[in-house]
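>>> Sequence and computational prediction follow.
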Amino acid sequence: MKRLFTGLTDVGLLRTVNQDDYYTDPEGRFFIVADGMGGHAGGQEASQIATRTIQAYLDAHWHSSEASSIILEHAFWEANRAILLDQRQHPERSDMGTTAVVVMFRDTHPICAHVGDSRLYRLRGAKLDQITEDHTWVALAMRMGEITPDQARVHPWRHVLAQCLGRDDLRQIDMQTFPVQSGDRLLLCSDGLTEELSDQIIASHLKSIRVCEKVAATLVNAAKEHGGRDNITVVVVMLD
């Protein structure tokens, strides 16, 4: 299945540093979005370390006989170790960490791995599905029925992560395969997009615009028009 894709990142309207990072494999084999945290003390470095480490690991092991799930999981653990090593070498960045979401096309069905609240969406027709589940306090509370989705969107703890890369106590990497078909559109994004735009608005832009680059630019600009309070990163993949 042919894949058309592009990526775009923007510092937003209020931040002075872009702590997001992304990578689109030139052959369309895999795609990465990472959203660093730690402010001037390492957020930018954490996301870049994660993106580069995952990219290098997937490149090096692409033709391995190991299962895709094992390769992708190991890539995340390597990224976690690389960030921890950088923390030890640079104590001023000891609090840095990053989210990461990756989609890999290596088997019949693509596989996704993620840590944190950067998301993967799939648009099929007019229906937008969030494939990943956020690793945040409010997402957990919502799944347990303690708060509603509307409450979650404005909750003061909505940015508090339950886990991220760059932590000794990282418990697990969420992994899943998911079906795709011709006409589907995938969106990987940082929370700078989803904080500003509802799923309905995201779906409308993904559905109505036929060119990858224009979709990405429209989504980023729409997030800025709605506030642009954080860095905004999107990777759009169209399946033909």
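Cool, got the structure.

>>> As a check, name the ranges of all helices in the chain.
Assigned by DSSP state H, the chain shows helices spanning 43-61, 68-89, 137-143, 149-154, 191-194, 199-208, 212-225.

>>> so how far is the last one off the chain centroid?
Taking the mean C-alpha point of helix 212-225 and that of its whole chain, the gap between them comes to 16 Å (C-alpha atoms, centre = their mean, to the nearest Å).

>>> go on, the second one?
Its chain's average C-alpha position is 16 Å from that of helix 68-89, according to C-alpha atoms, centre = their mean.

>>> picking that back up, how about TSV for the helices of the chain, with mean neighbour count added?
No exception for glycine: its C-beta is placed from N, CA and C like everyone else's. Output for those, formatted as TSV (neighbours: other C-beta atoms under 10 Å):
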stretch	mean neighbour count
helix 43-61	22
helix 68-89	18
helix 137-143	17
helix 149-154	12
helix 191-194	26
helix 199-208	16
helix 212-225	19
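
>>> CSV for those, including mean pLDDT and distance to Arg119?
Below are these laid out as CSV (pLDDT from 0 to 100; distance: least, C-beta to C-beta, whole Å):
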stretch, mean pLDDT, distance to Arg119
helix 43-61, 97, 15
helix 68-89, 98, 16
helix 137-143, 73, 11
helix 149-154, 69, 14
helix 191-194, 96, 6
helix 199-208, 97, 10
helix 212-225, 98, 13
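
>>> among those, which is nearest Leu120?
helix 191-194 (11.4 Å; C-beta to C-beta).

>>> ok now the closest one, how far from the chain's centre?
Relative to the centre of its chain, helix 191-194 is centred 10 Å away, using C-alpha atoms, centre = their mean.

>>> Can I get it in CSV, CA atoms only?
Provided in CSV are the C-alpha atoms of helix 191-194 (Å, rounded to 0.1, in the frame of the first residue of the first chain):
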residue,chain,number,x,y,z
ASP,A,191,-0.3,17.5,22.8
GLY,A,192,0.3,21.0,21.5
LEU,A,193,-2.2,20.1,18.8
THR,A,194,-4.8,18.2,20.8
